[in-house]
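Undergrad: Please find the sequence and the predicted model below.
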Amino acid sequence: MLFSLRRWLTRLMNTWRGKSIQFILTASFTLITILVMLLVSVILYNKFSQTAEQNTFLSNQQIVEQVSYNLDIYLKGMTEVFELADEKIRRSEGIPNDKLVEQLNTIMDTRQDIVSMALFTSQGELVTGLPMKEMRSNTKLTEQSWFKNALENPNHLSFSLPHIQNLYKGQYTWVVSMSKGITITRNNETIQAVVMIDVNFKTIDDLCRRVSLGKKGYVYIIDESAGNMIYHPQQQLIYIGLKYENVEQALKYTYGSYLEESSGEKKLITIKTVNNIGWKIIGVSYMDEIVTTRKEISGFISWLLLIVLLFVLLISAFMSAKISLPIKRLEKSMRKVEQGEFDIHITVRGDDEVGRLSRRFNFMVVRIRQLMEQSVHEQEAKRKSELEVLQSQINPHFLYNTLNSVVRMAGSGKSEDVITMITSLSKFFRISLSRGKHIITVQEELEHIRNYLIIQKIRYKNKFEYEITADEESLPCYTLKLMLQPLVENAIYHGIEMMADPGHIHISARIVHDKLLFEVRDDGLGIPEGKLKQLLTGSVRSEEGSGVGVKNVHERIQLAYGNSYGLEVESELEEGTTVRLWIPLIKQEDEREEGL
């Protein structure tokens, strides 16, 4: 059982894998509530069903006992009336006489349920009686049960079965006859006589009909000797009721309850014997009404379960949302961090696990931001240091080559070329130094590259021609210095130097769509397609020249201005190469150079 439950829970958890915490909390609360409510409902249903059945048994016993008690009181009262009439008859002398008739009439007037009172001889002759009506001639009085019982059991009060009172003409009342055999003196002669009082059966019928044993239940009465039917709510069954009621089983009990299914329906039978007269009061109730009660209980529990389930579902959804909200907020913040947004802070509420986790998250984000800023500063410092190192390497190397050319030209007597190279060299280094600044104007950058080209043209013995053009509005704008020299150097070393014919280099500066564009175009050998794709990644390095390369210029621009700026290179073999350099349009010097 435990293994099956564990396996079921494992499958359930696998099904919930990947679901949100809010869903898991809501589903868990709801599932636990359903299980608990089902368990409680089964327990309550069984308890209520048992209680309903016990209450039915107890209620039936109490009702039957109440009927027995009321009937016993009624019959005791009638017995007292009978005894009073019997006493008046026994004490009377010279029966019949007017005094006795007056006394019996007084007794009869005290009870509305007395139908008739009479005194008969043992041969069935009427001695006296009330009402004063003519008797029927064919009553077969001596053959009636109440008459024979009185003679067979003298001085013993007998109660007859309900029957139609047919002694008097014009009177047909449903009665129970009370009779007793006595001895009287008539005409100075002692004889056997029978005293009889007819009681209207309607009173007993009313006592029993007021009883309710459910919607279909009822009460009937039998005598304990032969099981004869004394009362039944369906009056026509008094004579044939033995066929419809299991009287033989009821005769075995004096008091108690049992279940019976003889008629195909399950019934609860409750029996109580009336004292003195031996009548058995039998209560019959149908168990399907108890089943109906169970259905009502189950219906009530089902509705209660549904209402509680909806209530718990709402509460669970609210509580799970409240619990999972800080976690969702934390997850959302983590997604932003994944996307590179580090300027974020979670408001911490409470000191629970989620609150402590949020504090750790805030601390982590702050630490990451600090480390990133530190890394950026370190990278900028490193790039600045590399630029300074490279620049320090460029200047001596370039200076060495230039001075060698000056010495050779001086030895050859080319004084004008010597003067031009030394003048251009001094201007070149003046702009390169720029009093330590890293941002210069476009005009200064173009002047710097012009001096560089003058020197290189003399060194390469007019191997190439150059042209520098610029829009007037672009000249006062600012740019990083030493960006054009690596590009022009690559154009000379890799594009023009190996050509048989003289080459041409064109350098331009202009404003395009609020951006500053430098363009270096040559008609040299061009760059193979494979090397062209690797040029900006630094996979291809210069075998000669400064070593700064196109990659260094591209990275410097993106480091200073962002990834939307940089170099674009187009080249065709034997046609030449065009390098476009894009930077933002800056019309006054700002503080950028502090980070470069």
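TA: All right, it came through fine.
Undergrad: any idea of the mean pLDDT in the lengthiest strand in the chain?
TA: Across the chain, the longest stretch assigned as strand under DSSP state E is strand 173-186. Mean pLDDT, strand 173-186: 88.
Undergrad: can you give me how far that strand is from the chain middle?
TA: Put simply, strand 173-186 sits 81 Å off its chain's centre (CA atoms, centre = their mean, to the nearest Å).
Undergrad: which secondary structure elements does it contact?
TA: helix 21-91, strand 114-121, helix 145-152, strand 158-159, strand 163-165, strand 189-200, helix 201-209 (3 or more CB pairs under 8 Å, 6 or more residues apart in numbering; DSSP states H and E). Placement of C-beta: from N, CA and C, glycine included.
Undergrad: what's the closest of the ones you listed to residue 438?
TA: helix 21-91 (52.7 Å; CB to CB).
Undergrad: circling back: output the longest strand of the chain as PDB, nothing but the C-alphas.
TA: Presented in PDB, the C-alpha positions along strand 173-186 are these (Å, rounded to 0.1, in the frame of the first residue of the first chain):
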ATOM      1  CA  THR A 173     -70.500   0.400  15.000                       C
ATOM      2  CA  TRP A 174     -67.000  -1.000  14.900                       C
ATOM      3  CA  VAL A 175     -66.300  -2.000  18.500                       C
ATOM      4  CA  VAL A 176     -64.100  -4.000  20.900                       C
ATOM      5  CA  SER A 177     -66.200  -5.900  23.400                       C
ATOM      6  CA  MET A 178     -65.200  -6.200  27.000                       C
ATOM      7  CA  SER A 179     -66.800  -9.200  28.700                       C
ATOM      8  CA  LYS A 180     -66.700 -11.100  32.000                       C
ATOM      9  CA  GLY A 181     -68.600 -14.000  33.500                       C
ATOM     10  CA  ILE A 182     -70.200 -13.300  36.800                       C
ATOM     11  CA  THR A 183     -72.900 -14.700  39.200                       C
ATOM     12  CA  ILE A 184     -76.100 -12.800  39.900                       C
ATOM     13  CA  THR A 185     -79.300 -13.200  41.800                       C
ATOM     14  CA  ARG A 186     -82.400 -13.100  39.700                       C
END
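Undergrad: What residues sit buried inside that strand?
TA: 173-181, 184 (16 or more other CB atoms under 10 Å).
Undergrad: With stretch 316-333 instead?
TA: By neighbour count on 16+ other CB under 10 Å, the buried set for stretch 316-333 is 316-317, 320, 324, 326-327, 333.
Undergrad: Show the backbone phi and psi for residue 96.
TA: The phi/psi pair for residue 96 (degrees, to the nearest 10) reads phi -90, psi 160.
Undergrad: And for the nearest residue to it once chain neighbours are set aside, the neighbour number?
TA: Closest residue to residue 96 apart from its sequence neighbours, by CB to CB, 6 or more residues apart in numbering: residue 128 at 3.8 Å. Residue 128 has 18 neighbouring residues, counting by other CB atoms under 10 Å.
Undergrad: which SSE is residue 128 in?
TA: In the assignment (DSSP states H and E), residue 128 maps to strand 126-130.
Undergrad: and that strand, which strands flank it?
TA: Strand 126-130 pairs in its sheet with strand 114-121 (antiparallel), by DSSP bridges.
Undergrad: so the strand it pairs with versus helix 21-91, what angle?
TA: 40 degrees (axes from the mean of the first three to the mean of the last three CA atoms, to 10 degrees).
Undergrad: In strand 114-121, which of the residues would be classed as buried?
TA: Across strand 114-121, burial judged by 16+ other CB under 10 Å covers 114-120.
Undergrad: Counting neighbours, what do you get for residue 254?
TA: Neighbours of residue 254 under the rule other CB under 10 Å: 11.
Undergrad: next one: residue 168
TA: Residue 168: 20 neighbours (other CB under 10 Å).
Undergrad: That one - nearest residue in space that isn't next to it in sequence?
TA: Among residues not flanking residue 168 along the chain, residue 133 sits closest, at 4.2 Å (CB to CB, 6+ apart).
Undergrad: Please enumerate residues in contact with the one helix or strand residue 579 maps to?
TA: Following DSSP H and E, one finds residue 579 within strand 576-584. Residues outside strand 576-584 that contact it (CB atoms under 8 Å, 6 or more residues apart in numbering): 479-480, 483-484, 487, 491, 495, 515-524, 526-527, 550, 553, 557, 561, 565-571.
Undergrad: Columns pLDDT on top of the buried residues of strand 114-121, output as TSV?
TA: Compiled in TSV, the buried residues of strand 114-121 are given as follows (pLDDT from 0 to 100):
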residue	pLDDT
114	90
115	89
116	90
117	91
118	91
119	91
120	90
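Undergrad: Spatially, which two of the residues you listed are the most separated?
TA: 114 and 120 (16.8 Å).
Undergrad: Return the set of buried residues in the strand holding residue 128.
TA: Across strand 126-130, burial judged by 16+ other CB under 10 Å covers 127-130.
Undergrad: what's the answer for stretch 354-361, then?
TA: With the criterion 16+ other CB under 10 Å, stretch 354-361 contains buried residues 354, 358, 361.
Undergrad: how distant is that stretch from the center of its chain?
TA: Using CA atoms, centre = their mean, the offset of stretch 354-361 from its chain centre is 28 Å.
Undergrad: pLDDT of it, averaged?
TA: Mean pLDDT, stretch 354-361: 76.
Undergrad: so what's residue 258 closest to, chain neighbours aside?
TA: residue 269 (5.5 Å).
Undergrad: For that neighbour, list the residues it contacts.
TA: 246, 249-250, 257-260, 282-284.
Undergrad: Neighbour-wise, give me the winner out of those.
TA: Most neighbours among the contacts of residue 269, by other CB under 10 Å: residue 283, with 26 neighbours.
Undergrad: Which elements pack onto whichever strand or helix holds that residue?
TA: In this assignment (DSSP H and E), residue 283 forms part of strand 279-286. Judged by 3+ CB pairs under 8 Å, 6+ apart, the packing partners of strand 279-286 are helix 21-91, strand 218-223, strand 267-273.
Undergrad: For residue 450, give me its contacts.
TA: Counting by CB under 8 Å, 6+ apart, residue 450 has contacts residue 468.
Undergrad: looking at this, it is in a strand?
TA: No: counting by DSSP: H, G, I helix; E, B strand; the rest coil, residue 450 is located in no strand; its state is helix.
Undergrad: Just the pLDDT at it, thanks.
TA: Model confidence at residue 450 (pLDDT) stands at 89.
Undergrad: Same check on residue 497?
TA: 85.
Undergrad: And it, how close does it get to residue 428?
TA: Separation of residue 497 from residue 428 (CB to CB, to the nearest Å): 20 Å.
Undergrad: on that earlier part again, got CSV for the helices and strands packed on strand 173-186, with distance to residue 298 too?
TA: Shown next, in CSV, are the helices and strands packed on strand 173-186 (distance: least, CB to CB, whole Å):
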stretch, distance to residue 298
helix 21-91, 6
strand 114-121, 52
helix 145-152, 52
strand 158-159, 47
strand 163-165, 49
strand 189-200, 47
helix 201-209, 33
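Undergrad: To residue 535, which of those lies closest?
TA: Nearest to residue 535, of all these, is helix 21-91, at 50.9 Å by CB to CB.
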